[in-house]
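Q: Here's a sequence, model it:
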Amino acid sequence: MPYMYNRNKRKQVLTSWTRARGFTLLELMIVLGIVAIMASIAVPSFTRMIRGQRVLAASNAMIAAIKIARNEAITRGVSVSLCPTDNPNATTPVCNTTPTGWQSGWLIFPTAAGAGSLIRIGEPQNGVTMNNPGQVDFDNRGIPTIGGSPVDPLNTNVAVNATSCDTGKDKEIIVNLGVTGTVHSTASTCP
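A: Predicted structure coming up:
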């Protein structure tokens, strides 16, 4: 008992050994061991969640770009193109002729001469890969073509996944472009 009660003085008096303050080395090591075990469980889940959020953000940006390009074509009454670029921050960004994918960025611009300059520049998407169907052109009715050919609904899609995709575990989102210019996405896991 750390305190002894003195009946005569009706107050507590400290005994020869005082009350310990702080933690012992053993208690500290046990707590650190528990924290290390919890961190080793949480970190892989957290990194997978971050990769999943990057994939989701990139696919949402791609869907938005397709919708903006289509809406601008209808609103302006001219053809509008959406194409991948390797350097969207260049003074005069240009479309890729041999693109490496949409993750480097993209451009939205009217294709008619004298119709104006860039409408929108898509920023690079870090930590994801986005395969490339090529430049998409929308006519003044919002109908898409790729390389002058009508859109094939079975083959016109952009697969968005993490650069270090863990097969069967990480998220992959397929952005599909329809024949009429509509866009939707399908979620799955990395192949």
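Q: Do a quick rundown of the helices in this protein.
A: Using DSSP state H, the helices assigned to the chain run over residues 25-76.
Q: quick one: the nearest residue to residue 76 once chain neighbours are set aside from residue 25, how far?
A: Using C-beta to C-beta, 6 or more residues apart in numbering and skipping the chain neighbours, the partner closest in space to residue 76 is residue 110 (6.3 Å). (C-beta placed from N, C-alpha, C; glycine too.) Computed as C-beta to C-beta, to the nearest Å, the residue 110 to residue 25 distance reads 71 Å.
Q: now residue 54
A: Distance, residue 54 to residue 25, by C-beta to C-beta: 42 Å.
Q: And these two? Which one has more around it.
A: residue 54 (19 against 7; other C-beta atoms under 10 Å).
Q: Show the low-confidence segments of this protein, by residue range.
A: Residue ranges of the chain with pLDDT under 70: 1-20, 98-100, 113-116, 132, 153-156, 163-164, 166-168.
Q: Need the residue closest to the centroid of it.
A: residue 54 (1.7 Å; C-alpha atoms, centre = their mean).
Q: Now do it against residue 108, distance only.
A: Here residue 54 is placed at a distance of 22 Å from residue 108 (C-beta to C-beta).
Q: Kindly report the same for residue 47.
A: As judged by C-beta to C-beta, residue 47 and residue 108 stand 33 Å apart.
Q: Which of these two has more residues huddled nearby?
A: residue 108 (22 against 13).
Q: That'll do, ta.
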